[in-house]
Structure formats: C-alpha cells, structure tokens
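In: pasting the structure only:
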C-alpha cells in the first residue's frame with residue numbers, strides 16, 4: 001500500500017523546509033506547492049540546504065527551456081528535487097520517483113491521486129509526505145485523505161449554464177465587423193444549441209441581453225445588435241476580448257546573453273522599479289538584479305544577484321469543493337484521530353475541534369458576531385461562498401468577502417445590513433431564485 005504521512009503544523013517555516021530537505025535528500029522527489037511564490041521561496045531555500053545543482057523550480061512563469069532542463073535532470077539523475085506547482089501534476093514524463101512531497105494539501109482528491117501516482121511506477125511503494133504550516137492545513141489534508149480512503153473522487157460535471165462565456169460570446173457577436181447585422185433572435189439561435197448554454201432558457205437569455213443593453217455594453221436598434229458606448233470603451237480598441245481567459249500583462253526576463261529565464265507580472269515590476277532601490281527578485285530558484293528595464297518592449301535584462309525577495313504574481317489559489325468542505329466540517333464535529341497523521345498533527349486537529357466548538361453544525365450554517373463583524377460559517381466551499389458574498393453585496397448594504405481555508409469555510413460580513421436576520425432572509429431568497 002501507499003506510505004502517506006501528514007506532518008506538522010510547523011510553527012517555523014525554516015523548520016518545515018529543513019525537515020522537507022532531509023526527506024528529499026538523496027532521493028528523486030517532486031515537492032508540490034500551491035503558488036509560484038511558494039515555489040520560488042521554498043526552491044531557493046532547498047538549494048541552500050541540498051545544493052544548487054540538486055534542486056530545480058518548475059512553474060508556468062519559468063521559461064520553457066529551463067523547465068525542460070529540470071525535467072531532463074529528473075529523468076536521468078539518481079537524486080534530484082523539483083519544487084513545482086500543478087505544471088508537473090500530469091502529462092509530463094519525469095520518470096519514476098522515490099517520493100512526492102506536498103506543502104499543506106491539495107484541495108481536491110483528484111490532485112492528491114495524481115501526485116501520489118507519480119511514485120511507485122516501477123513496482124516500488126507509493127510515498128507522499130504532507131508538510132503543513134498551519135493547523136488548518138492539517139484539517140484540509142485530513143479531509144482530502146479521508147475521502148480518498150473511501151475511494152471517493154470529484155465527478156466531472158460539464159456546466160450547462162456558463163453565463164460568463166455567454167456574455168463573452170454575445171459581445172463578440174456585437175463586435176463582428178464582417179456581419180454587423182446580428183439580430184437578437186439570431187443570436188439566440190446561434191448560441192442556444194451550444195452545450196455550455198443548453199440549460200439557459202430563452203427567458204434567461206432575454207433578461208441577460210436586456211441587462212447588457214441597459215448597461216450600454218451592447219447597443220440595440222430595431223433588433224440589431226452592435227457594441228454599445230460602454231462596450232466600445234471596454235473592448236473596442238483592444239484584442240483582450242478575443243481570449244476568454246485573459247492573462248495578466250507580463251514582462252519577459254532575460255540574461256545579458258538574451259537567454260530566457262521567465263516572466264514577471266508587469267504590476268510587480270512597475271511597483272518596484274518606481275523606487276530608488278534596484279529591482280531584485282527570485283526566478284527559477286535563483287536571485288537576479290535588473291540592469292535594464294524596457295517598458296516599451298516589456299523586457300527586463302538581468303544579472304545574478306546575491307540575494308533577493310520573492311516576486312508576486314496575480315493568481316488565486318485552487319478552490320475547495322463542497323464535498324471537501326463538508327468533510328472538513330464533519331472532522332471538526334468528530335473525535336477520531338487520523339491514521340496517516342503524526343501525533344503532532346492529530347493534536348493540532350484536536351485543538352481545532354476545541355476552537356470551533358459551537359461554531360459548526362452538520363446541516364446548518366452558524367453566524368458569529370465578532371468585533372462588530374458578522375462571520376457566517378458555511379463550510380460550503382469556495383465557489384458557493386464567492387457566489388453568496390457577491391449576492392449579498394448586490395442585494396444589501398454590506399461588504400462581504402469569503403475567508404478561511406481557500407475561502408471555503410466562512411464569509412465575513414460588515415455594513416448597515418449586516419444583521420443575522422437580513423443575511424439569512426437574503427440567502428433564502430437567492431436560493432429560491434436559483435431554483
């Protein structure tokens with residue numbers, strides 16, 4: 001069977017990294033983390049502990065050539081560690097591994113199985129170690145592992161009510177210069193048969209289109225659709241609309257010989273280049289100093305530096321689904337220890353249960369008033385919490401934002417209408433409207 005252990009929580013990050021380094025020493029390992037920021041920070045520290053040539057960093061903002069070098073070294077070497085994001089979760093052959101390491105926990109059972117499955121491919125045992133920085137990481141790891149133990153895995157259910165994509169397609173039709181005569185009824189006929197919109201009714205479609213016309217994103221005259229005044233300002237002079245998912249603007253990073261190293265978010269570069277201090281940063285597990293920043297070409301020429309800080313990239317972490325969030329809730333209501341948890345991890349789980357006593361119910365949400373703010377403990381999952389928060393802000397005079405582990409457990413609400421009665425009533429109304 002698989003050898004799985006949940007370690008921590010580590011109060012000190014240096015202790016976590018030192019323990020992980022000893023686990024990885026003289027082994028072929030992948031160390032999965034949840035962000036590019038963590039990949040760079042942990043990668044740089046493991047290089048100090050294990051050797052510059054023994055550790056690589058792998059994520060989507062590192063140049064393809066450097067990522068390929070890391071993959072080749074992993075396939076051919078006897079010992080090597082790669083600190084990576086989801087870029088090495090599947091699809092890229094790095095050979096057989098001795099162990100997989102994980103910072104905190106993946107948020108899905110499918111990711112856990114993919115990562116565990118990277119090991120033991122040639123008859124050896126599968127091995128995976130979780131290194132949790134906080135007690136909440138222990139809770140999430142315990143939830144994912146307990147569901148995996150029950151052989152549960154996320155079901156892939158294609159969405160048939162993709163509102164954001166439908167809006168995107170409607171605006172594209174309105175932008176079509178070759179056929180600037182798209183009519184309302186023709187747009188429905190064109191789009192309604194597409195699987196992503198098959199559960200959207202014509203009445204829903206008409207309501208959405210009326211809203212886009214009212215907001216002047218789309219202009220309608222005699223049933224003919226074109227781009228409205230606001231739509232022109234947003235999309236008329238940019239090609240960003242032609243990508244459904246627009247990535248943030250990036251600056252390419254090269255050395256003095258023109259070799260590609262990777263990319264940085266333009267916002268990060270702008271913030272730091274405006275000051276008097278030189279721009280220094282970690283990328284691909286190494287420290288760099290900018291010697292030339294060309295804003296017109298978004299190109300940065302760098303030289304090696306002795307030390308540097310970790311860049312920031314615009315990204316959101318992976319969401320926690322409803323089933324995993326519910327299992328976290330159930331574990332807080334339970335009393336069992338987890339067989340894969342270390343003694344320290346099980347003690348952390350017990351302490352969490354005490355901290356959450358009275359704030360968790362199996363079939364209902366719990367509201368808690370704390371320091372003038374209403375905390376709604378839902379354990380409903382990231383996407384549900386985001387939807388509830390947006391709905392509350394649209395219907396009430398409140399600010400609402402998800403918080404807790406991956407924004408899956410709690411919604412923090414403040415404002416004039418932030419009373420338990422108004423919140424519960426509005427949530428009930430939103431649920432009825434959704435059907």
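Out: All right, it came through fine. None of the values given here were measured: they were computed from a predicted structure. Numbering: from 1, shown residues only.
In: please, where are all the strands along the stretch 151-300 of the chain?
Out: For the stretch 151-300 of the chain, the strands defined by DSSP state E, counting those that start in this stretch cover 218-221, 224-227, 250-255, 260-265, 280-283, 286-294, 299-304.
In: how about the ones you listed in CSV, adding mean pLDDT and mean neighbour count?
Out: In short, each C-beta sits where N, CA and C put it, glycine included. Shown next, in CSV, are the strands of the stretch 151-300 of the chain (pLDDT from 0 to 100; neighbours: other C-beta atoms under 10 Å):
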stretch, mean pLDDT, mean neighbour count
strand 218-221, 88, 16
strand 224-227, 86, 20
strand 250-255, 94, 18
strand 260-265, 96, 21
strand 280-283, 95, 22
strand 286-294, 93, 16
strand 299-304, 96, 16
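In: quick one: which of the ones you listed is nearest residue 351?
Out: Relative to residue 351, the nearest member of those by C-beta to C-beta is strand 280-283, separated by 34.0 Å.
In: and the closest one, what does it pack against?
Out: Counting contacts by 3 or more C-beta pairs under 8 Å, 6 or more residues apart in numbering; DSSP states H and E, strand 280-283 is packed against helix 36-50, strand 260-265, strand 286-294.
In: starting at the chain centroid, how far to the first one?
Out: Its chain's C-alpha centre and that of helix 36-50 lie 20 Å apart, by C-alpha atoms, centre = their mean, to the nearest Å.
In: check stretch 320-333 too.
Out: Here stretch 320-333 is found 18 Å from its chain centre; the criterion is C-alpha atoms, centre = their mean.
In: report the buried residues of stretch 352-368.
Out: The neighbour-count criterion (16 or more other C-beta atoms under 10 Å) identifies 352, 353, 356, 360, 365, 367 as the buried residues of stretch 352-368.
In: got the contact list for the helix or strand of the chain at the bottom of the mean pLDDT ranking?
Out: Lowest by mean pLDDT, DSSP states H and E among the helices and strands of the chain is helix 266-273, with a mean of 82. For helix 266-273, contacts defined as C-beta atoms under 8 Å, 6 or more residues apart in numbering pick out 248-251, 279, 281, 290, 293, 298, 300, 311-314.
In: check stretch 392-407 too.
Out: With C-beta under 8 Å, 6+ apart, stretch 392-407 has contacts from 107, 136, 139-140, 317-320, 328, 382, 385-386, 388-390, 408-418, 422-423, 426-427, 429-430.
In: so of those residues, which ones are in helices?
Out: Of the positions in these, 136, 139-140, 328, 382, 385-386, 388-390, 422-423, 426-427, 429-430 sit in helices, assigned by DSSP state H.
In: buried subset of the residues you listed?
Out: Using 16+ other C-beta under 10 Å, the buried ones in the ones in helices among the contacts of stretch 392-407 are 136, 139-140, 328, 382, 385-386, 388-389, 422-423, 426-427, 430.
In: returning to that earlier point: return the member of the buried residues of stretch 352-368 nearest to residue 183.
Out: Nearest to residue 183 among those is residue 365, at 45.3 Å by C-beta to C-beta.
In: contacts only, for the closest residue to the closest one other than its chain neighbours.
Out: Nearest residue to residue 365 in three dimensions, chain neighbours excluded: residue 378, at 4.9 Å (C-beta to C-beta, 6 or more residues apart in numbering). Residue 378 sits next to 365, 384, 385, 388, 409, 410, 411 when contact means C-beta under 8 Å, 6+ apart.
In: do I have it right that the last one meets residue 375?
Out: What that stands for is residue 411. Yes - counting by C-beta atoms under 8 Å, residue 375 is a contact partner of residue 411 at 7.5 Å.
In: compare those two (neighbour count), which wins?
Out: Legend: neighbour count by other C-beta atoms under 10 Å for residue 411 and residue 375, higher for residue 411 (26 against 19).
In: what's across from the more buried one in the sheet?
Out: Going by DSSP bridges, residue 411 is paired in beta bridges with residue 376, residue 402.
In: OK, contacts around it?
Out: Counted by C-beta under 8 Å, 6+ apart, residue 411 has contacts 375, 376, 378, 385, 388, 389, 392, 400, 401, 402, 403.
In: from residue 267, how far off is it?
Out: For residue 411, the distance to residue 267 equals 27 Å [C-beta to C-beta, to the nearest Å].
In: cool, and residue 223?
Out: 42 Å.
In: the more surrounded of those two?
Out: residue 267 (15 against 12).
In: on that earlier part again, from the buried residues of stretch 352-368, pick the one nearest residue 202.
Out: Sorting the buried residues of stretch 352-368 by distance to residue 202 puts residue 365 at the head of the list, at 34.6 Å, by C-beta to C-beta.
In: in the stretch 251-400 of the chain, which segments are predicted with low confidence?
Out: Residue ranges of the stretch 251-400 of the chain with pLDDT under 70: 273-275.
In: what stretches of the stretch 101-250 of the chain score poorly on pLDDT?
Out: Residues of the stretch 101-250 of the chain that meet the cut-off, pLDDT under 70, sit at 121-123, 177-181, 236-248.
In: which one of the strands of the stretch 151-300 of the chain lies nearest to residue 76?
Out: Closest to residue 76 of the strands of the stretch 151-300 of the chain, according to C-beta to C-beta: strand 286-294, at 21.3 Å.
In: what packs against the closest one?
Out: Using 3+ C-beta pairs under 8 Å, 6+ apart: strand 286-294 touches helix 266-273, strand 280-283, strand 299-304.
In: I'd like to know which of the ones you listed is closest to residue 127.
Out: Minimum separation from residue 127 across the helices and strands packed on strand 286-294 (C-beta to C-beta) falls at strand 280-283, 28.5 Å.
In: and which of the ones in helices among the contacts of stretch 392-407 is nearest residue 231?
Out: Lowest distance from residue 231 to those (C-beta to C-beta) belongs to residue 390, with 21.9 Å.
In: what separates that closest one from residue 384, distance-wise?
Out: 11 Å.
In: please apply the same query to residue 401.
Out: Distance from residue 401 to residue 384, by C-beta to C-beta: 14 Å.
In: these two: which is more packed in?
Out: residue 384 (19 against 16).
In: surely the more buried one meets residue 321?
Out: No - using C-beta under 8 Å, residue 384 makes no contact with residue 321, being 9.2 Å away.
In: what does the helix or strand harbouring residue 57 rub up against?
Out: Using DSSP states H and E, the element containing residue 57 is strand 55-58. With contact meaning C-beta under 8 Å, 6+ apart, strand 55-58 is reached by 39-40, 43-44, 46-47, 67, 69-71, 73-74, 80-85, 87-88, 284-285.
In: what's the spacing between residue 333 and residue 361?
Out: Distance of residue 333 to residue 361, given as C-beta to C-beta: 8 Å.
In: next: residue 136.
Out: Remark: distance between residue 136 and residue 361 (C-beta to C-beta) = 19 Å.
In: what number of residues lie near residue 206?
Out: Residue 206: 12 surrounding residues under other C-beta under 10 Å.
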